[in-house]
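Student: sequence first, predicted model second:
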Amino acid sequence: MTTNPPPVVTIRTGTTADTQALIEFIKPFVEDGKLLPRTFDELDELMQHFFIAEVNGEIVGCAALEIYSSKLAEIRSLAVSSRHQGLGIGRKLVEACIQLAQEQKILEVMAITSTEDFFLACGFDFTLPGEKKALFYQTR
């Protein structure tokens, strides 16, 4: 019995040429309620801070770091295709976002998620030093 080697995954920064392909890639995640919808302009604006995971030139994952200030950024639009989950792609995308935040000297990176165990495994926590917590108010 032979097992196939794991696919070679490339993580790269997005370009404006990727915007339409990313819209198509995240569409099933939006339809399933796992991601918020993004317009072409929103994605295009985030593209300089977008990371794309590819296998043989095919997009298999993505994540963006939205920088709000020198103090705070958020990991947004993190998605990995179902057939490529479990290969560490999501972790690599999160690590790329964190590395960018460190390079930009951002103090804190947050993630709003329904898969908290994944982010906990990546080193995130519910509280920050000094017991700070994020609270939300929904206006719609």
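Tutor: Arrived safely.

Student: tell me which helix or strand comes right after the helix or strand encompassing Arg12.
Tutor: Here Arg12 sits within strand 10-13, counting by DSSP states H and E. Toward the C-terminus, strand 10-13 is succeeded by helix 19-31 as the next helix or strand (DSSP H and E).

Student: circling back: the strand holding Arg12 pairs with which strands, and in what direction?
Tutor: Using DSSP bridges, the strands paired with strand 10-13 are strand 50-55 (antiparallel).

Student: report the inter-axis angle for the partner strand versus helix 19-31.
Tutor: If you take axes from the mean of the first three to the mean of the last three CA atoms, to 10 degrees, strand 50-55 sits at 90 degrees to helix 19-31.

Student: for whichever helix or strand comes after strand 50-55, which positions count as buried?
Tutor: Later in the chain than strand 50-55, the nearest helix or strand by DSSP H and E is strand 58-67. For strand 58-67, a neighbour-count test (16 or more other CB atoms under 10 Å) marks Ile59, Val60, Gly61, Cys62, Ala63, Ala64, Leu65, Glu66, Ile67 as buried. The way it works is simple: take the backbone N, C-alpha and C, and place the C-beta from them, glycine included.

Student: model confidence score at Val8, please.
Tutor: Note for Val8: predicted pLDDT of 89.

Student: and it, that's in a helix?
Tutor: No: going by DSSP: H, G, I helix; E, B strand; the rest coil, the assignment for Val8 is coil, not a helix.

Student: tally of neighbours for the nearest residue to it once chain neighbours are set aside?
Tutor: In space, Val8 comes closest to Val55 once its chain neighbours are excluded; the distance is 6.8 Å by CB to CB, 6 or more residues apart in numbering. Val55 has 18 neighbours, counted by other CB atoms under 10 Å.

Student: where is the longest helix in this protein?
Tutor: helix 89-103 (DSSP state H).

Student: now do His52, the pLDDT please.
Tutor: Small correction: residue 52 is Ile, not His. On pLDDT, Ile52 comes in at 97.

Student: could you do the one 10 residues further on as well?
Tutor: You'll see Cys62 listed with a pLDDT of 97.

Student: double-check it against Ser77; I have them as touching.
Tutor: Yes: counting by CB atoms under 8 Å, Cys62 touches Ser77, with 6.1 Å between them.
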